[in-house]
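Dropping the sequence and predicted coords here.
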Amino acid sequence: MTRKPAETARSTIRDVAARAGVSAATVSRVLGGVYPVSAETRRRVLRAVGELDYVADARAKAVAGAGTPTLAFVLEDITGPSFAHKAHGVEREAHRLGHLCLVCSTEGDLRHELDFVETMRAQRASAVILVGGAADTPEYRKRTRRIADSLASAGSRLVLCGRPPLGPGAPVTVVEYDNEGGAFALVSHVLTQGHQRVLFLGGKPNHATALGRECGYTQAHRARGIEVDPALILHGDFTRDSGHRLLRAALKQQLRFTAVVAATDMVAIGALAALHEAGLNVPGDVSLTGYDDIPFARELRPALTTVHVPYEELGRLAVRTVLGRTPDAPNEHLLLGTHVVVRDSVAGVGAGSSAMRSGGATQQA
């Protein structure tokens with residue numbers, strides 16, 4: 001019996017891109033027909049489409065507007081707890097409003113971010129939500145303004161969710177939370193317990209979110225007339241490993257402190273491990289705080305005092321705002337509040353002394 005030859009696998013957009021020598025985003029722009037490309041690039045892409053007999057699948061057609069309207073959500077790291085809660089809020093609200101939600105994790109690759117945004121523009125996504133902090137530089141503003149203008153020209157909309165705003169006139173929707181105010185309230189709480197040598201474990205020095213929290217730390221000291229010791233401000237990133245590494249470095253340098261303010265709960269978790277390894281008790285020897293109020297902050301021992309950020313509501317609000325706006329509506333800039341959650345990881349400076357309190361590092365409240 002004669003067998004039929006096995007069917008060949010259907011070509012993908014990546015196959016077309018490889019054959020034409022361009023990116024998948026460029027193929028999407030050519031096929032979408034709403035983004036300018038050179039005549040030579042268009043010719044190469046269309047020739048590759050013909051040679052590979054490429055046909056866009058049903059999902060691509062839906063994204064392009066023939067089916068379910070689409071909303072895109074772009075973040076740096078989908079595994080981060082705070083990012084995951086924002087993504088959950090975006091996805092649930094998008095689903096409630098009848099939109100398909102596409103998620104892109106860039107891992108900090110700006111080229112990947114731009115390619116994805118351009119693809120969403122070509123495929124006529126209702127909106128693109130950029131999530132998470134960034135360095136607020138002229139380059140950032142120029143690049144993001146270009147993205148905003150490009151999306152607006154295609155009838156889409158850029159949403160900055162927890163990212164630095166672009167200033168007046170940019171066609172964007174900004175949804176953020178009181179980052180600096182949360183840090184100010186948290187550090188003020190620590191200082192009222194009698195602590196005057198407070199170690200700050202921050203993020204990257206040029207990161208807008210990290211800068212906001214560091215500014216809150218500094219302003220809280222100034223409001224109480226306490227001079228900040230620059231040696232007590234350490235920079236890293238927002239991970240557990242960073243908290244562990246920075247706290248160990250502080251102990252090795254024999255820095256004097258009675259409390260630690262970590263820029264995120266994940267940083268605080270790393271710091272807590274390093275304190276335990278050094279034989280120090282929290283909060284008996286050293287008080288400790290975080291920022292974000294991720295779910296397992298309350299499960300730590302001791303339960304972590306932190307700042308609650310309404311991340312899921314932030315994602316929901318971003319979707320509701322951008323999908324509910326009218327084309328001629330003014331640019332929106334919404335700010336959500338934060339609040340301190342007091343648990344068990346902060347104690348007042350007592351009469352007893354420890355290695356961290358020696359040498360008159362603190363005064364009793």
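It's in.

any idea how far residue 150 is from residue 86?
23 Å (CB to CB, to the nearest Å). In this view, the C-beta of every residue, glycine as well, is placed from N, C-alpha and C.

and the two? which has more neighbours close in?
Shown here are residue 150 and residue 86; by other CB atoms under 10 Å, residue 86 has more neighbours (27 against 19).

which residue sits closest to the more buried one, ignoring its sequence neighbours?
residue 315 (4.2 Å; CB to CB, 6 or more residues apart in numbering).

which SSE is that neighbour in?
In the assignment (DSSP states H and E), residue 315 maps to helix 311-324.

contacts for the helix or strand just after that helix?
Downstream of helix 311-324, the first helix or strand assigned by DSSP H and E is strand 333-336. Strand 333-336 has contacts (CB atoms under 8 Å, 6 or more residues apart in numbering) with 165, 173-178, 310, 313-314, 317, 321.

Neighbour-wise, give me the winner out of the residues you listed.
Highest neighbour count within the contacts of strand 333-336, by other CB under 10 Å: residue 175, with 26 neighbours.

Just list the residues touching that residue, thanks.
Residue 175 neighbours (CB under 8 Å, 6+ apart): 159-162, 314, 317-318, 321, 332, 334, 336.

does it count as helix, strand or coil?
strand (DSSP: H, G, I helix; E, B strand; the rest coil).

what about the residue nearest to residue 121 when sequence neighbours are not counted, neighbour count?
Excluding its sequence neighbours, the residue lying closest to residue 121 (CB to CB, 6+ apart) is residue 154, at 4.9 Å. Residues within reach of residue 154, counting by other CB under 10 Å, total 16.

Just the buried positions in stretch 300-319, please.
By neighbour count on 16 or more other CB atoms under 10 Å, the buried set for stretch 300-319 is 300, 302, 304-319.

Check which residues of stretch 132-147 are buried.
132-134, 136, 140-141, 144-145, 147.

re earlier: same for the helix holding residue 315, what does it pack against?
strand 70-75, helix 81-96, strand 127-131, strand 158-161, strand 172-177, strand 333-336 (3 or more CB pairs under 8 Å, 6 or more residues apart in numbering; DSSP states H and E).

and the third one, C-alpha only, in PDB?
Listed in PDB are the C-alpha atoms of strand 127-131, where the atom choice follows Å, rounded to 0.1, in the frame of the first residue of the first chain:
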ATOM      1  CA  ALA A 127      -3.500  49.600  24.500                       C
ATOM      2  CA  VAL A 128       0.000  48.700  25.600                       C
ATOM      3  CA  ILE A 129       0.700  48.800  29.400                       C
ATOM      4  CA  LEU A 130       4.400  49.200  30.400                       C
ATOM      5  CA  VAL A 131       4.900  48.100  34.000                       C
END
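
Now do it against strand 70-75, angle only.
10 degrees (axes from the mean of the first three to the mean of the last three CA atoms, to 10 degrees).

what do you get for the longest one?
Using the same axes, to 10 degrees, the interaxial angle of helix 81-96 with respect to strand 70-75 works out to 180 degrees.

Do me a favour and average the pLDDT over helix 81-96.
If you average the pLDDT over helix 81-96, you get 86.

same question, the fourth one
Throughout strand 158-161, pLDDT has a mean value of 92.

contacting residues around that strand?
86, 127-132, 144, 147-148, 151-152, 166, 171-176, 314-315, 318, 321-322.

and with 6 Å instead?
127-131, 147-148, 151, 172-175, 318, 322 (CB atoms under 6 Å, 6 or more residues apart in numbering).

May I have the strands that pair with it, each with its orientation?
strand 127-131 (parallel), strand 172-177 (parallel) (DSSP bridges).

what distance separates the last one from the centre of its chain?
Strand 172-177 sits 13 Å away from the centroid of its parent chain (CA atoms, centre = their mean, to the nearest Å).

got the CA coordinates for that strand in CSV?
C-alpha atoms of strand 172-177 as CSV (Å, rounded to 0.1, in the frame of the first residue of the first chain):
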residue,chain,number,x,y,z
VAL,A,172,-0.1,58.5,27.7
THR,A,173,-2.2,57.4,30.6
VAL,A,174,-0.2,57.2,33.9
VAL,A,175,-1.3,55.1,36.8
GLU,A,176,1.1,55.0,39.7
TYR,A,177,1.2,54.8,43.5
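
which helices and strands sit right next to the next helix or strand after that strand?
As assigned by DSSP H and E, the chain's next helix or strand after strand 172-177 is helix 179-192. When contacts are defined as 3 or more CB pairs under 6 Å, 6 or more residues apart in numbering; DSSP states H and E, helix 179-192 sits against helix 208-223, strand 339-341.

if you set the cut-off to 7 Å instead, what comes out?
In terms of contacts (3 or more CB pairs under 7 Å, 6 or more residues apart in numbering; DSSP states H and E), helix 179-192 is packed against helix 208-223, strand 259-262, strand 287-289, strand 306-308, strand 339-341.

hang on, the earlier thing: from the contacts of strand 333-336, which is closest to residue 37?
residue 173 (28.1 Å; CB to CB).

Isn't that closest one up against residue 321?
Yes. Between residue 173 and residue 321 a contact is recorded at 5.7 Å, counting by CB atoms under 7 Å.

Give me the most central residue, the protein.
Nearest to the mean C-alpha position of the chain, by CA atoms, centre = their mean, lies residue 132 at 2.3 Å.
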